[in-house]
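Engineer: prediction below, plus the sequence it came from.
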Amino acid sequence: MSIHTHTHIYKLASKLHVQSGYTVIFFKYLICKNTIYTFIVPFLISMLILCQPHLLLVSVEIFLQALEDGLKRADADPSVKAVMICGENGKFSAGADIKGFSSPKRRGIALGPIVSLIERSEKPVVAAIEGVALGGGLEVALGCHYRIAHVKARMGLPEVTIGLLPGAEGTQRLPRLVGVPAALDMITTGKVLCLVIPPKGVKICSLPDVDALFCNSIFLPPGQPLGPRRLSLKPVPKLPNMEAFLSEALVKVKKQAHGCLAPELCFQAVKAATEQPFADGVRREQELFNVLLTSGQAQALQYAFFAERAVQKWTTPSGASWKSASPQPIHKAAVIGLGTMGRGIVTSLVKAKIPVVALEQDLEYLNMGRKAVMFLLEREAMKMEQGAQTLDFHNPARLQFTVDFDVLRDVDLVIEAVFENMALKKEIFHKLSRICKPGAFLCTNTSALNINEIASATSRPQQVIGTHFFSPAHVMKLLEIIYGHHTSPTTIATAMQLAKVLKKVGVVVGNCFGFAGNRMMFPYAQQAVFLLEEGSRPEAVDQVIEDFGFRIGPFRMSDLAGLDVGWRSRKGQGLTGPSLPPGTPARQRHGHRYSPLPDLLCENGRFGQKTGKGWYQYEKAGGRTAKPDPWLHSFLSQYRDTHRIKTRFIDQEEILERCLFSLINEGFDILAEGIASGPEHLDVIYINGYGWPKHRGGPMFYASTVGLSRILAKLQKYSEAHPDVPGLQPSAFLKKLVAMGNPPLKEWMSYLSRPNNKL
Ligand SMILES: CCCCCCCCCCCCC[C@H](O)CC(=O)SCCNC(=O)CCNC(=O)[C@H](O)C(C)(C)COP(=O)(O)OP(=O)(O)OC[C@H]1O[C@@H](n2cnc3c(N)ncnc32)[C@H](O)[C@@H]1OP(=O)(O)O
Ligand SMILES: NC(=O)c1ccc[n+]([C@@H]2O[C@H](COP(=O)([O-])OP(=O)(O)OC[C@H]3O[C@@H](n4cnc5c(N)ncnc54)[C@H](O)[C@@H]3O)[C@@H](O)[C@H]2O)c1
């Protein structure tokens with residue numbers, strides 16, 4: 001007997017590979033990590049093959065119908081003893097096709113009844129899981145009477161991450177299988193369980209092929225009733241303190257949701273399983289599913305899912321793209337400067353198992369840097385121990401500390417993370433260009449400086465690129481990749497590949513002051529400070545932004561990052577400090593409004609958390625709990641008096657609009673200049689690097705949901721009130737899109753006559 005192509009569930013599926021190394025398990029035990037049984041008792045079965053080889057092109061309706069028909073045929077055919085459902089191409093199923101999920105056409109298509117049909121089958125149905133079983137795919141498996149999984153299978157209900165809940169009865173079956181705590185954890189977080197190393201007790205079958213596994217297995221002992229295998233008939237396992245457990249869990253879920261609806265509704269659905277019979281629980285699941293489907297957050301999160309994948313397919317205005325450029329392998333890297341950023345970057349590289357040379361300017365800095373890196377790596381190693389992975393960072397072949405540039409001769413790639421100072425960066429790049437082997441790539445972690453000017457200090461500008469990490473560099477997912485005038489496609493491809501290896505999201509952008517992310521951040525931060533001048537307080541502004549869903553408001557963020565960082569940069573730009581021409585008006589630079597408030601705080605030694613005082617006060621230097629500071633409030637009053645600024649009450653709407661619409665406005669300029677190749681790029685940058693709430697889809701997606709005409713009208717209103725603030729003057733591109741009748745976001749770029757790259 002041979003196994004042919006079986007039911008295909010979503011396009012990632014195909015023939016289950018016939019190979020040894022299968023683990024026979026009950027899914028229940030897989031999750032609980034308890035005993036796992038293998039059953040090897042001779043018993044012959046014949047199988048019905050649910051054949052649907054080309055489902056890639058088959059609509060959901062046809063697929064569901066095929067599954068239903070197949071099951072009915074199996075039940076009716078006396079020669080069929082059992083049914084097996086498996087996937088194609090080594091994948092069981094990635095669940096429902098998310099594309100166009102929320103469209104009215106797709107509503108009403110139900111997977112739940114099919115799962116029930118599977119469960120009701122009079123013949124045993126086995127899910128053979130290989131690769132991924134996610135979302136609807138896992139729900140199908142939950143409807144089966146038995147589940148077996150390959151040792152490397154990954155399983156989860158990630159619907160929450162796309163703004164939904166498992167809508168095919170999964171919220172009712174999973175708690176019955178694995179208990180409420182494990183089900184809640186999986187369903188409210190969307191975490192995917194991996195079995196990289198089989199848990200204790202797992203026996204790996206060394207059977208020659210999967211046919212034999214089924215033929216010999218005792219899944220299907222003759223005459224054994226299927227009733228006990230039907231999850232819908234099982235009670236949800238009781239907890240001694242269910243009510244207390246659920247209230248505590250709800251508090252946790254809400255705290256982590258930051259305004260995202262899906263986790264809480266997932267919770268409600270699982271709670272229903274603990275309170276109601278199966279059928280009522282399923283009805284509740286459907287109600288909650290529909291609320292989410294039409295909430296707008298689901299669309300935003302699904303947009304973000306595809307945006308993250310779309311940016312991997314990078315292009316530049318000159319025609320270079322991911323299609324034609326191949327990355328070079330990076331066998332060894334170097335990091336120069338082990339300050340805030342360098343130490344995180346080294347940690348990231350070591351975690352990715354890339355050997356690193358870490359270089360500092362002198363032994364004192366080197367020792368400080370080494371300690372900091374070791375501290376981070378020890379912590380990471382502790383976290384990773386659960387996955388039984390080890391970081392071999394005490395091995396000098398893996399991580400070497402030095403002050404000697406000559407050690408960099410054989411590295412394939414260097415990441416410079418020294419002070420934000422052009423002269424210093426040029427000096428370093430000149431040296432690197434002389435010392436490093438000809439093929440080596442030279443990357444800079446500058447947050448804003450001109451990549452072309454840095455590249456000009458080398459004899460290989462085609463291999464120079466910006467790799468802008470975000471703090472803390474071993475944690476934050478974004479890597480902004482900035483190509484210069486001469487950067488080659490191979491260099492871009494190599495930086496993108498590096499992002500992937502480091503498990504980061506790489507986004508390719510053009511070169512301008514602040515690139516895409518920081519450039520959009522400047523007007524936002526500026527508005528936040530102007531609002532203080534006009535009568536608001538840091539805690540009021542932060543509250544509005546955090547209620548919107550940001551993890552942290554602009555003032556708390558500024559205290560965390562250190563006010564001195566921006567102060568140094570403004571001094572460098574001649575906006576404050578000794579190089580400011582005498583007679584410059586306190587609140588004006590180059591004819592535009594300027595607020596010296598952040599500079600004044602720095603002059604008072606208030607650098608934020610590191611000094612225990614900034615926009616807030618902290619329990620001590622290095623403290624983390626921000627408290628409103630009466631000193632700052634009276635300082636603001638004095639400041640307003642000195643500058644004769646009339647104070648007024650500023651409502652939440654104005655705070656939100658001035659901060660966010662100015663940021664979005666800059667985004668439109670960035671698109672018009674060809675610095676980013678699409679709005680998705682800016683959204684991915686903001687979600688992964690700046691804490692923009694994902695359930696709002698990123699700033700440009702958010703703009704499209706607010707409506708471009710509204711954004712334009714509000715910017716016009718605010719710029720009339722503040723004509724000296726360029727960040728509030730509506731972008732010409734925004735105006736054009738409004739004039740063209742508000743086209744959908746995916747069409748925006750087609751309204752730019754031609755890519756206008758500033759490089
Ligand atoms: C048995 C299923 C029956 C389907 C019937 C549907 C009836 C509808 C009834 C609704 C009832 C609710 C059912 C259920 O509760 C709802 C769901 O199932 S929602 C979907 C849940 N699944 C996910 O969220 C999985 C998302 N995908 C991933 O996590 C990853 O893509 C992956 C599967 C782990 C693979 O990761 P990688 O190997 O890194 O590859 P990529 O991520 O780059 O993906 C490759 C390629 O595939 C596209 N893609 C992946 N998953 C989906 C998807 N679910 N829908 C649409 N497209 C998907 C991805 O965009 C990439 O595309 P490319 O960029 O190459 O164009
Ligand atoms: N701090 C952030 O949040 C952040 C975020 C993104 C990008 N950046 C950028 O990263 C770079 C580094 O910033 P940081 O915050 O880590 O700075 P930092 O001041 O914390 O560290 C800089 C390090 O560079 C070292 N250094 C200086 N000259 C050197 C030389 N000649 N050779 C070797 N090492 C030298 C210093 O000793 C110091 O340890 C800057 O360009 C900054 O703009 C910073």
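Structural biologist: Received it, and whenever you're ready, just let me know what you need. Numbers count the residues shown, from 1 in each chain. Ligands and ions are numbered 1, 2, ... in the order given.
Engineer: residues in the protein within reach of ligand 2, list them.
Structural biologist: Proximity of the chain to ligand 2, by Cβ under 6 Å from any ligand atom, involves residues 336-342, 359-361, 365, 417-420, 424, 428, 445-447, 468-471, 561, 565. To be clear about C-beta, it is placed using only N, CA and C from the backbone, and glycine gets the same treatment.
Engineer: just the buried members of those?
Structural biologist: In the residues of the chain next to ligand 2, burial by neighbour count holds for 336-338, 341-342, 359-361, 365, 417-418, 420, 428, 445-447, 468-471, 561, 565, counting by 16 or more other Cβ atoms under 10 Å.
Engineer: now do the same contact list for the closest residue to Trp567 other than its chain neighbours.
Structural biologist: Of all residues not flanking Trp567 in the chain, Cys602 sits nearest, at 4.3 Å (Cβ to Cβ, 6 or more residues apart in numbering). Residues counted as contacts of Cys602 (Cβ atoms under 8 Å, 6 or more residues apart in numbering) are Leu563, Asp564, Trp567.
Engineer: please repeat the previous calculation with a cut-off of 10 Å.
Structural biologist: Applying Cβ atoms under 10 Å, 6 or more residues apart in numbering to Cys602 gives the contacts 562-568, 570-571, 576-577, 608, 611, 614.
Engineer: highest neighbour count among those residues?
Structural biologist: Gly614 (30 neighbours; other Cβ atoms under 10 Å).
Engineer: touching, that one and Trp567? I think so.
Structural biologist: No: using Cβ atoms under 10 Å, Gly614 is not in contact with Trp567, being 11.4 Å away.
Engineer: skipping adjacent residues, who's closest to Lys504 in space?
Structural biologist: In space, Lys504 is closest to Leu479, 4.4 Å off (Cβ to Cβ, 6+ apart).
Engineer: I'd like the distance from that neighbour to Asp599, if you could.
Structural biologist: 31 Å (Cβ to Cβ, to the nearest Å).
Engineer: by mean pLDDT, point me to the weakest helix or strand of the chain.
Structural biologist: helix 27-32 (a mean of 26; mean pLDDT, DSSP states H and E).
Engineer: coming back round to it: and for Gly614 and Trp567, which residues touch both?
Structural biologist: What both Gly614 and Trp567 touch, as defined by Cβ under 10 Å, 6+ apart, is the set Pro598, Leu601, Cys602, Phe607.
Engineer: what sits against the last one?
Structural biologist: Going by Cβ under 10 Å, 6+ apart, Phe607 touches Ser558, Asp559, Ala561, Gly562, Leu563, Asp564, Val565, Trp567, Leu601, Lys613, Gly614, Ala621.
Engineer: related to what we said a few turns ago, show me the residues of the chain next to ligand 2 that map onto strands.
Structural biologist: Among the residues of the chain next to ligand 2, DSSP state E puts Ile336, Leu359, His468, Phe469 in strands.
Engineer: quick one: contacts for the first one?
Structural biologist: This means Ile336. Contacts of Ile336 by Cβ under 10 Å, 6+ apart are 342, 345, 357-361, 405, 408, 414-418, 425, 428-429, 431-432, 442-445.
Engineer: make it 6 Å
Structural biologist: Leu359, Glu416, Val418 (Cβ atoms under 6 Å, 6 or more residues apart in numbering).
Engineer: ok, the third one next?
Structural biologist: With Cβ under 6 Å, 6+ apart as the criterion, the residues that contact His468 are Glu480.
Engineer: swap the cut-off to 7 Å and go again
Structural biologist: Shown in contact with His468 (Cβ atoms under 7 Å, 6 or more residues apart in numbering): Asn445, Ser447, Leu479, Glu480, Ile482, Phe515.
Engineer: I'd like to know how many residues surround the closest residue to Val509 other than its chain neighbours.
Structural biologist: Closest residue to Val509 apart from its sequence neighbours, by Cβ to Cβ, 6+ apart: Ala516 at 4.5 Å. A total of 26 residues lie near Ala516 under the criterion other Cβ under 10 Å.
Engineer: check Ala516 and give its pLDDT.
Structural biologist: We have a pLDDT of 98 for Ala516.
Engineer: residues near Gly535, how many?
Structural biologist: When neighbours are counted by other Cβ under 10 Å, Gly535 comes out with 16.
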